[in-house]
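# Sharing a model prediction with you, sequence too.
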Amino acid sequence: MKVSVFVGDIADADAEAVCTSTNSRLSLVMGTGASVRARGGIEILRACEEIVDAAERRQGRRTLAPGTAHVTTAGQLPHEIAIHCVASNDAHESSEAIIRLCVQNALRRADERGCTSVAMPVFATGHAHAKFDRAIRVMAEEIRGARTSVRQITIVVSSDDRAEDARSVLADVLQYEVPVSRAVAEVEAPISWWSAQG
């Protein structure tokens with residue numbers, strides 16, 4: 001498996017599966033969820049609402065367990081699927097254990113759908129305010145030990161500073177040089193902070 005870093009909007013990352021880092025209601029109102037919903041269309045949000053409705057019928061509450069990952073259409077995005085990772089609990093708090101589960105379950109969902117490339121944000125660093133350096137290290141450790149058919153993981157960040165931080169940690173944990181690429185549109189328009197936050 002190879003890992004790279006992409007600076008830009010998660011919706012522009014080149015991968016078969018695109019991940020969001022979202023809350024327990026899959027509301028897609030901020031961060032990577034908002035970007036995927038805005039760029040992919042309302043059908044993604046409707047699919048998330050159906051997942052939450054089904055959870056309510058099954059368990060009597062409209063929230064999903066932290067660390068779980070849920071597949072929907074990618075709508076108008078070029079990706080094959082969207083994987084919505086619940087990166088926090090009902091109080092919008094996260095932990096290293098939740099971040100690890102997000103990585104594990106995102107890769108599991110990708111495997112189930114036959115996707116060999118996945119784009120992931122740094123989970124829980126947006127709405128749940130997890131510390132970036134710790135979150136990326138936890139993700140790197142989980143990726144290093146993963147048993148998966150996914151061959152390419154792209155970690156999406158919002159700025160060159162974050163890219164360098166991520167590249168350094170990933171290279172340290174994975175023990176190989178991690179390439180960094182940037183969105184073509186970055187030169188013409190600034191990247192929204194929310195579009196790459198986990």
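Received it, and whenever you're ready, just let me know what you need.
# can you map out the helices along the protein?
In the chain, the segments counted as helices under DSSP state H are 31-40, 42-59, 96-112, 132-144, 160-174.
# out of these, which comes closest to residue 77?
Between residue 77 and the helices of the chain, the shortest gap by Cβ to Cβ is with helix 31-40, which sits at 4.2 Å. Any C-beta I mention is one placed from the backbone N, CA and C, and that applies to glycine too.
# burial measure for residue 172, as a count.
Residue 172: 11 surrounding residues under other Cβ atoms under 10 Å.
# residues touching the nearest residue to it once chain neighbours are set aside, list them.
Nearest non-adjacent residue to residue 172, counting by Cβ to Cβ, 6 or more residues apart in numbering: residue 140, 7.8 Å away. When contacts are counted by Cβ atoms under 8 Å, 6 or more residues apart in numbering, residue 140 touches 3, 169, 170, 172, 173, 174.
# what's the answer for residue 113, then?
17, 71, 80, 81.
# Between the residues you listed, identify the one with the most neighbours.
residue 17 (26 neighbours).
# and the gap between the closest residue to it other than its chain neighbours and residue 65?
With sequence-adjacent residues excluded and distances taken as Cβ to Cβ, 6+ apart, residue 17 is closest to residue 115, at 4.2 Å. Here residue 115 is placed at a distance of 22 Å from residue 65 (Cβ to Cβ, to the nearest Å).
# Report how many residues lie close to the residue nearest to residue 3 when sequence neighbours are not counted.
Leaving aside its chain neighbours, residue 3 sits nearest to residue 153 (4.9 Å; criterion: Cβ to Cβ, 6+ apart). By other Cβ under 10 Å, the residues close to residue 153 number 26.
# Same question for the one 10 residues further on.
Using other Cβ under 10 Å, residue 163 has 22 other residues around it.
# In the chain, where is pLDDT below threshold?
Scanning the chain for pLDDT under 70 picks out the ranges 185-197.
# Kindly recompute the last result at 90.
127, 183-198 (pLDDT under 90).
# Kindly provide the distance from the nearest residue to residue 61 once chain neighbours are set aside to residue 68.
Take residue 61 and drop its neighbours on the chain: the residue closest to it by Cβ to Cβ, 6+ apart is residue 55, 7.2 Å away. Separation of residue 55 from residue 68 (Cβ to Cβ): 10 Å.
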